[in-house]
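*Asks:* Fold the stuff below for me.
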Amino acid sequence: MGFLLAGEHFHFLPPVSPPLIRPSNGRSWLPPGIATDHQEEVVLVTEDEVVVDEQEGQPLDERGGEVVAGVLELTRKGRGVLRAATVGFRRSPQDPAVSHGAISRFNLRPGNWIEGVVDSGKGGQAQIKKILKVNGLPPEQWMTVQDYSDRDALTPDEQYVLESGPEDYSMRVIDLISPIGKGTRGLIVATPRSGKTVLLQQMARSLGKNYPKVRIIALLVDERPEEVTDFRRKLEGVAEVYASSNDGDIGEHTRVSQLAMAYAHRWLEVGEDVVVLLDSLTRLGRVFNVGTKGSGRTMSGGMDARGMEIPRKIFGSARKLEPSGSLTIMATCLIETGSRMDDVIFHEFRGTGNMELVLDRKLSDLRIYPAINIGASGTRNEERLFPEEMLKAHHAIRRHLTRMQPIEAMESLLKALSEHKSNRELLNKMLVVANAGS
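*Replies:* Next comes the predicted model:
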């Protein structure tokens, strides 16, 4: 079935072979096939059935159930089903149901990580008999947690430092030119074959090394199957990877995207710092354009007038909350693909973020990495992210580099980085030069 037993560490990637759960009747729950959109995969408990087990203090095996954990998905009929994160939210006819009564009582929302006691109900269907925890909290405590959209969003003021070594040039460049903060809504604007995928993977590894408590989620939409495998293998133990490959249907792309983002939102609401690496906004916009019921009005490039509503909401959900919790989204957006629709999608998102990292094909063609156009890249309110004593040095570096052409600027910066073991060392030197010239 692929659900994690309570007590296992569920932050990281699932094992290759999902663990099995053996209910009290001895029947093994093996991962069956993926149900189609037209199948009703779970029979829900009725209102008069037990929703929350009141037998406190009795061992689980004596109560005839085992503890499982999964991500809550609400069906169109309002039913709740726990999906296995270990297999990327794939549908299974044996996924346990969560009753409507429990959903209402505990104010449960899509994407909740639920730990509970599972038992086979009528007809052998799996039911959540007792909810133990919701996103790490007792269910009674979760009831008081506000939706992130009802809380004040703050300007990012705490930087994620990506630098993790002297030769980690790509991450050192980002720290200097386009810093990422907790709550950043960042666009990685990329032409094809400009190194965006490698850059995302490097970001994930640096974040995992420097901030082990941060929850890192990689969301791949309509991606090539081999790319999904590559992400999972290279980020094993670093990030949770959720993906819909391009051999799936539109419904699966939109479902996985929304459930993965809802999952991130629920952790944000309980005060966690979450980073979502989204590849890509372009494909996200395309699948929702096809999957959205037409408004009757088609814009340039074949884009439906309502096709971008959900992608805009997803990207716009990145924020820093008070007193704690942040959701950072770094999303790639493709340009110069030859598609008019891709251009429309890019212009829809341009200006909606608070950080842009622009990759330049001319740099990548010359094998100069990171292929970042320094003059076109930057972060809004970057002064809130840099230490006050280093602002002058950061401004001096940017002024110096933006006078140059993109290729010359990156070569100059890479040379400076190779001569200094850390960004701090380079900034201290620039500060001395800046003070001497003032």
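
*Asks:* low-scoring stretches of the stretch 51-200 of the chain, by residue?
*Replies:* Residue ranges of the stretch 51-200 of the chain with pLDDT under 70: 51-64, 120-124.

*Asks:* what about the helices in it?
*Replies:* 60-63, 100-105, 139-142, 169-177, 196-210 (DSSP state H, counting those that start in this stretch).

*Asks:* Need those in a markdown table (columns: mean neighbour count).
*Replies:* Just so you know, the C-beta spots here come from the backbone N, C-alpha and C atoms, and that holds for glycine as well. Formatted as a markdown table, the helices of the stretch 51-200 of the chain follow (neighbours: other CB atoms under 10 Å):
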| stretch | mean neighbour count |
| --- | --- |
| helix 60-63 | 13 |
| helix 100-105 | 17 |
| helix 139-142 | 17 |
| helix 169-177 | 23 |
| helix 196-210 | 20 |
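
*Asks:* for those, which one sits closest to residue 187?
*Replies:* With CB to CB as the criterion, residue 187 lies closest to helix 196-210 of the helices of the stretch 51-200 of the chain, at 10.9 Å.

*Asks:* Just after that closest one, pick out the following helix or strand.
*Replies:* strand 215-223 (DSSP states H and E).

*Asks:* buried stuff in the helix or strand just after that next one?
*Replies:* Helices and strands here follow DSSP H and E; after strand 215-223, the next one along the chain is helix 225-234. Buried residues in helix 225-234, counted by 16 or more other CB atoms under 10 Å: 228, 231-232, 234.

*Asks:* Any chance you could list what contacts helix 225-234?
*Replies:* 13, 197, 201, 218, 220, 241, 243, 245-247 (CB atoms under 8 Å, 6 or more residues apart in numbering).

*Asks:* Max pairwise distance over the residues you listed: which two?
*Replies:* Greatest spatial distance among the contacts of helix 225-234 (CB to CB): 201 and 247, at 22.3 Å.

*Asks:* between the buried residues of helix 225-234, which is nearest residue 170?
*Replies:* The shortest approach to residue 170 among the buried residues of helix 225-234 belongs to residue 234, at 14.9 Å (CB to CB).

*Asks:* From residue 273, how far out is the closest one?
*Replies:* 22 Å (CB to CB, to the nearest Å).

*Asks:* got it, and residue 384?
*Replies:* 17 Å.

*Asks:* who has more neighbours, those two?
*Replies:* More crowded of residue 384 and residue 273, by other CB atoms under 10 Å: residue 273, with 22 against 16.

*Asks:* hang on, the earlier thing: dump the helices of the stretch 51-200 of the chain into JSON lines; add distance to residue 313 as well.
*Replies:* Shown next, in JSON lines, are these (distance: least, CB to CB, whole Å):
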{"stretch": "helix 60-63", "distance to residue 313": "40"}
{"stretch": "helix 100-105", "distance to residue 313": "22"}
{"stretch": "helix 139-142", "distance to residue 313": "23"}
{"stretch": "helix 169-177", "distance to residue 313": "26"}
{"stretch": "helix 196-210", "distance to residue 313": "22"}
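
*Asks:* Quick one: closest of the ones you listed to residue 426.
*Replies:* Taking those one by one with CB to CB, helix 169-177 is closest: 8.0 Å.

*Asks:* what about stretch 386-396, start to end distance?
*Replies:* The first residue of stretch 386-396 is 13 Å away from its last residue (CA to CA, to the nearest Å).

*Asks:* Please identify the buried residues of it?
*Replies:* 386, 392-394, 396.

*Asks:* Any chance of the buried residues of helix 225-234 in CSV with distance to residue 126 and pLDDT as columns?
*Replies:* Shown next, in CSV, are those (distance: CB to CB, whole Å; pLDDT from 0 to 100):
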residue, distance to residue 126, pLDDT
228, 28, 91
231, 30, 92
232, 27, 92
234, 34, 94
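
*Asks:* Closest one to residue 184 out of those, please.
*Replies:* Proximity of those to residue 184 (CB to CB) peaks at residue 231, which lies at 21.1 Å.

*Asks:* can you tell me how far that closest one sits from residue 137?
*Replies:* Distance of residue 231 to residue 137, computed by CB to CB: 30 Å.

*Asks:* Residue 346 now?
*Replies:* Taking CB to CB, one finds residue 346 at 39 Å from residue 137.

*Asks:* still on that earlier bit, which among the contacts of helix 225-234 gets closest to residue 287?
*Replies:* Closest to residue 287, out of all of the contacts of helix 225-234 and judged by CB to CB, is residue 246, at 9.8 Å.

*Asks:* In contact with the closest residue to that closest one other than its chain neighbours: list those residues for me.
*Replies:* In this structure, residue 246 finds its nearest non-sequential neighbour in residue 222, 5.0 Å apart by CB to CB, 6 or more residues apart in numbering. With contact set as CB under 8 Å, 6+ apart, residue 222 has these partners: 244-246, 248, 253, 283-284, 286-287.

*Asks:* Going by residue numbers, what spans are helices in the stretch 251-400 of the chain?
*Replies:* Using DSSP H, counting those that start in this stretch, the helices of the stretch 251-400 of the chain run over 281-291, 309-316, 340-349, 361-365, 391-402.

*Asks:* Determine which stretch of these is the most buried.
*Replies:* Among the helices of the stretch 251-400 of the chain, ranked by average contacts under mean count of other CB atoms under 10 Å, first place goes to helix 281-291 (a mean of 23).

*Asks:* which helices and strands sit right next to that one?
*Replies:* Packed against helix 281-291 by the contact rule (3 or more CB pairs under 8 Å, 6 or more residues apart in numbering; DSSP states H and E) you find strand 215-223, helix 250-269, helix 309-316, strand 326-334, helix 340-349.
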